[in-house]
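With the input below, show me the fold.
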Amino acid sequence: MDTRPVLGRTGEDIAADHYSERGFTVVARNYRCPIGELDLVAARGALLVFCEVKTRRTNRWGDPWEAVGSAKQRRIRRLAGHWLRDNRPGSVEIRFDVVSVVLEGATAEVEHIPGAF
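Residues are numbered from 1 along each chain as shown. Take a look at the predicted model:
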């Protein structure tokens, strides 16, 4: 059985809680459009954050955030453009974050990289 979808959802839940604890409102999760999916969109005041969440069971082969290379960054920017056209939030400051989650046993190690790209 492929447990990756469950692992991914768990990581996204942890990331959403992480933003909420810091005063953000999660305004979208798993936004889908023809070119792909955004994991999280969060807002606090005039700041709008598009967040890519990467979750792994171990960092034995590197930290999860390392999987967000230049091609993935370009795709997330394009996805953000679609979200902005669909939702028209007005005048906002935009930031692109990565949240890296390593779930080893019952513990979660969270690394938040604001303005990652």
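
Now do the strands in the protein.
Counting by DSSP state E, the chain has strands at residues 25-33, 36-44, 47-56, 93-104, 107-113.

Give the pairing partners of the first one; include direction for each.
Looking back up the chat, that one is strand 25-33. With DSSP bridges as the test, strand 25-33 is paired with strand 36-44 (antiparallel).

circling back to that earlier point, make CSV from the strands of the chain and add mean neighbour count and mean pLDDT to it.
From N, CA and C alone the C-beta is placed, and that goes for glycine too. Below are the strands of the chain laid out as CSV (neighbours: other C-beta atoms under 10 Å; pLDDT from 0 to 100):
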stretch, mean neighbour count, mean pLDDT
strand 25-33, 15, 98
strand 36-44, 19, 98
strand 47-56, 22, 98
strand 93-104, 19, 97
strand 107-113, 14, 96
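
Rebuild the ones you listed as TSV, extending it with distance to residue 77.
Formatted as TSV, the strands of the chain follow (distance: least, C-beta to C-beta, whole Å):
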stretch	distance to residue 77
strand 25-33	13
strand 36-44	11
strand 47-56	8
strand 93-104	7
strand 107-113	16
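
Just tell me which of these ends up closest to residue 82.
strand 25-33 (4.4 Å; C-beta to C-beta).

Touching, residue 43 and residue 27? I think so.
Yes: look at residue 43 against residue 27 with C-beta atoms under 8 Å: they come within range, at 5.2 Å.

nearest residue to residue 56 other than its sequence neighbours?
Spatial nearest neighbour of residue 56, excluding adjacent residues (C-beta to C-beta, 6 or more residues apart in numbering): residue 64 at 4.7 Å.

can you check residue 111 too?
For residue 111, ignoring the flanking residues on the chain, the nearest one in space by C-beta to C-beta, 6+ apart is residue 100 at 4.3 Å.

again, but for residue 104
Nearest non-adjacent residue to residue 104 (C-beta to C-beta, 6+ apart): residue 58, at 6.2 Å.

Repeat that for residue 44.
Using C-beta to C-beta, 6+ apart, the closest residue to residue 44 is residue 24 (4.5 Å).
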